[in-house]
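Engineer: let's see this in three dimensions:
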Amino acid sequence: MKSLLVLLLGVSHVLSAEVRTNLTIQATTLSPAGKSRTALTVNGDMPAPTLRFTEGDTAFIRVHNRLKNEETSIHWHGLLLPNEMDGVPYLTTPPIPPGGYHDFTFPLKQHGTYWYHSHTGLQEQRGVYGAIVVKPKTVEKVVVDRDYVVVLSDWTDENPKSVMKSLMRGDEYYAIRKGNAQSILGAWRAGALSDYVQRERSRMAPMDVSDVAYDAFLANGRERIVFPARPGERIRLRFINAGASTYFYLASSIGDLTLVAADGPTVEPVGISRLLIGMAETYDVVVTIPNKAGRYEVRASAQDGSGHASIMLGNDGPDHPASDPPLPDLYRMDHMLEAAMASMEMGESDNEGREMSKSERPGAPYHLLRSDTPTALPASAPRREINLRLTGDMTRYIWSFNDKTLAEDPVILVSKGEVLRINLVNNTMMHHPLHLHGHFFRVINGQGDHSPLKHTIDVPPMGRRTIEFEANDVGDWFFHCHLLYHMDAGMARVVSYRELGKDHVPSLDPKLINPAFSMIAGTVQTHMSMGSTRIMKGRYDAYAGWDVGYHNHDEYEVDLGLRRYIDPNRSVFGGYRLTNKDEAENRAFAGFYYRLPYLVDSTLSVDSEGDARATLGKEFTLTGRLAWDTEVQYDTNSEWEWATGLAYRLNKPFSMVGSYHSEHGAGLGLGFQF
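Structural biologist: Numbering: from 1, shown residues only. Down below sits the predicted model:
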């Protein structure tokens with residue numbers, strides 16, 4: 001027996017290996033969408049090289065930063081490793097300075113499909129992401145003839161910082177560009193005018209599926225890739241969604257996809273006709289190539305219907321294309337409400353979920369997932385349950401948990417050894433893929449002791465999910481929305497262990513704490529100019545607004561102020577007004593903003609001269625590009641003033657405008673926003 005044990009230990013040592021890799025992050029000129037742009041690459045490629053290990057190996061990875069004047073980082077997404085190797089800059093691992101490097105050393109404790117990406121700023125959107133494949137110590141449970149990795153991503157020719165700035169100011173141009181902008185004419189054509197009016201009555205902003213208009217959707221860095229395959233062969237496809245803000249639907253011209261693994265761990269094989277994969281999730285699927293010649297497509301369609309990437313399987317012969325799902329009905333959003341209902345029923349009965357899986361636009365497939373090994377957590381462990389509401393505002397672009405951003409409430413405290421159950425309740429009309437670092441959690445889906453293990457979970461609009469995990473690794477672990485721009489706007493927490501000490505404070509990346517954005521928007525017309533410039537930081541705006549008429553002795557009014565955002569319907573403001581209007585003088589003012597039903601903007605303010613001012617205004621979106629804006633104002637000093645006008649959106653920065661103002665008359669000109 002002793003000899004056998006020595007032999008087994010020797011074999012284990014031989015099978016394990018030290019795998020050494022060098023990764024270099026640098027700026028490279030690429031053209032993913034046909035135009036030359038600066039991307040961030042790893043070892044010159046986008047996506048980064050696939051890292052391959054065997055369970056039990058030890059990884060030695062040196063990451064070099066060749067960027068100019070820019071820190072970087074690498075997070076090993078889904079891998080269970082020492083806290084200091086997790087790769088979240090400042091929180092767990094030092095950021096890698098320009099010209100520097102960092103050495104990562106960790107054991108491979110599990111097998112499956114994982115990935116790695118930058119956790120610095122918006123670098124993930126620019127190309128810093130790649131796949132990790134860890135083979136099991138023994139044979140694979142799923143026997144296939146070929147095994148391929150597919151890294152899905154979204155690409156914008158814009159600088160991601162410009163994208164974030166557009167989102168912060170509530171710009172609808174991305175929806176216009178995708179043809180998804182809601183309008184009165186669009187609602188009438190869709191037979192949904194009453195739905196449109198009811199939405200505005202409820203003070204809800206126009207609904208959309210995705211925040212950004214992308215220039216390309218990529219599979220392994222290309223819009224179309226071809227993998228060799230012969231008739232009759234079983235092909236394993238390891239899908240990784242490395243998109244910054246795109247959910248993908250996967251569908252095959254072969255027929256059903258057989259889902260065999262989710263976020264790394266294997267599950268009992270199950271067939272599915274169309275699979276929704278959220279950002280940061282991984283799914284392994286198996287298909288069998290038909291005996292008919294040609295190339296068969298597995299299509300990754302963007303959830304908002306704005307494009308797709310093609311994965312072709314086969315050798316010579318005609319293409320057999322897969323189909324896109326139906327376009328979303330943004331006026332009614334019935335499919336989203338179906339997903340919400342399915343998510344609420346999932347923990348009790350999976351009947352709703354199974355019906356949802358037959359939909360042309362299904363939700364996440366969690367109701368179908370059953371772990372092929374027991375996942376029950378220790379029955380003797382103390383248990384605790386918390387509710388976490390997913391909250392935010394698309395117009396202000398502030399995203400949070402329980403109405404508080406990372407800067408406002410950064411920590412969820414846990415104690416080692418406890419089982420924490422989290423009820424995730426989505427109060428927004430956006431999908432949110434939530435990722436927990438350093439742990440796998442059980443998805444409570446009606447499968448009992450065989451509930452699947454995941455590290456990332458989609459919570460659909462107005463839906464809910466329940467997860468639970470054992471707090472078994474002391475440290476500070478990031479928990480955040482993996483829609484990159486939502487995380488950057490505050491939807492994150494740190495799961496921090498009490499064992500770190502009562503005075504312990506997690507160290508956060510300063511770039512995640514209320515980043516500042518400056519912007520300007522206004523019009524220059526033949527009779528007047530008006531607009532504002534502001535600096536946005538967290539819930540505060542420092543702003544300067546102007547209203548200048550070219551007649552009546554170049555009459556002007558300039559407000560210098562500070563505004564605090566409270567929620568989508570309320571804010572307060574104060575400042576100082578400079579003016580040369582007749583019978584008026586410079587004065588301080590303070591007031592509040594309130595959004596009325598039907599999205600009518602209202603303000604009420606008082607000033608240091610004892611006067612009061614009230615305004616009402618509304619924008620009517622007539623078509624995707626044409627809007628009618630009207631405003632009326634009453635001031636106890638200057639009395640009535642009103643304006644109305646039309647604006648036609650030409651492109652992202654410019655619009656053609658025409659308006660009439662009760663004091664300045666009529667004019668034409670140009671609108672701008674930067």
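
Engineer: tell me where the protein has helices.
Structural biologist: If DSSP state H is used as the criterion, the helices of the chain fall at 2-15, 123-126, 160-168, 173-178, 184-189, 193-201, 334-345, 351-357, 484-488.

Engineer: mind listing what's buried in the second one?
Structural biologist: Burial within helix 123-126, assessed by neighbour count using 16 or more other C-beta atoms under 10 Å, is assigned to 123-126. (C-beta placed from N, C-alpha, C; glycine too.)

Engineer: for stretch 362-376, same thing?
Structural biologist: 362-371, 375.

Engineer: was I right about residue 604 contacting residue 592?
Structural biologist: Yes - when contacts are counted by C-beta atoms under 8 Å, residue 604 is listed as touching residue 592 (6.3 Å).

Engineer: who's more crowded, these two?
Structural biologist: Remark: of residue 604 and residue 592, residue 592 carries more neighbours, 16 against 12, as counted by other C-beta atoms under 10 Å.

Engineer: please look at that one and residue 569 and confirm they touch.
Structural biologist: No - using C-beta under 8 Å, residue 592 is not in contact with residue 569; the gap is 10.8 Å.

Engineer: so where is the stretch 201-350 of the chain shaky, pLDDT-wise?
Structural biologist: Where the stretch 201-350 of the chain drops to pLDDT under 70, the residues are 335-337, 345-350.

Engineer: lowest average confidence across the helices of the chain, which one?
Structural biologist: Among those, helix 2-15 carries the lowest mean pLDDT, at a mean of 45.

Engineer: would you mind giving the domain segments of this protein?
Structural biologist: Domain ranges of the chain: 19-139, 216-345, 370-512, 516-673, per automatic domain parsing.

Engineer: let's have these in TSV, adding distance to residue 169.
Structural biologist: Putting the domains of the chain into TSV (distance: least, C-beta to C-beta, whole Å) gives the following:
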stretch	distance to residue 169
domain 19-139	17
domain 216-345	17
domain 370-512	8
domain 516-673	5
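
Engineer: now for those domains, which one comes closest to residue 166?
Structural biologist: Relative to residue 166, the nearest member of the domains of the chain by C-beta to C-beta is domain 516-673, separated by 7.3 Å.

Engineer: so for that closest one, mean pLDDT?
Structural biologist: Mean predicted confidence for domain 516-673 is 95.

Engineer: and it, how far apart are its ends?
Structural biologist: 17 Å (C-alpha to C-alpha, to the nearest Å).

Engineer: before we move on, what about stretch 166-179?
Structural biologist: End-to-end distance (C-alpha to C-alpha), stretch 166-179: 17 Å.

Engineer: in contact with residue 63, which residues?
Structural biologist: 23-25, 72, 74, 96, 101-102, 104 (C-beta atoms under 8 Å, 6 or more residues apart in numbering).

Engineer: please read the previous query as pertaining to residue 440.
Structural biologist: 80, 263, 265, 453-455, 469.

Engineer: repeat that for residue 414.
Structural biologist: So residue 414 contacts 420, 471, 495-498 (C-beta under 8 Å, 6+ apart).

Engineer: mind listing the strands for the stretch 501-650 of the chain?
Structural biologist: Using DSSP state E, counting those that start in this stretch, the strands of the stretch 501-650 of the chain run over 516-525, 528-537, 540-549, 556-567, 570-579, 587-596, 600-607, 612-621, 626-635, 639-649.

Engineer: got those as JSON lines, with distance to residue 427 columns?
Structural biologist: Shown next, in JSON lines, are the strands of the stretch 501-650 of the chain (distance: least, C-beta to C-beta, whole Å):
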{"stretch": "strand 516-525", "distance to residue 427": "25"}
{"stretch": "strand 528-537", "distance to residue 427": "23"}
{"stretch": "strand 540-549", "distance to residue 427": "23"}
{"stretch": "strand 556-567", "distance to residue 427": "11"}
{"stretch": "strand 570-579", "distance to residue 427": "16"}
{"stretch": "strand 587-596", "distance to residue 427": "17"}
{"stretch": "strand 600-607", "distance to residue 427": "22"}
{"stretch": "strand 612-621", "distance to residue 427": "24"}
{"stretch": "strand 626-635", "distance to residue 427": "28"}
{"stretch": "strand 639-649", "distance to residue 427": "30"}
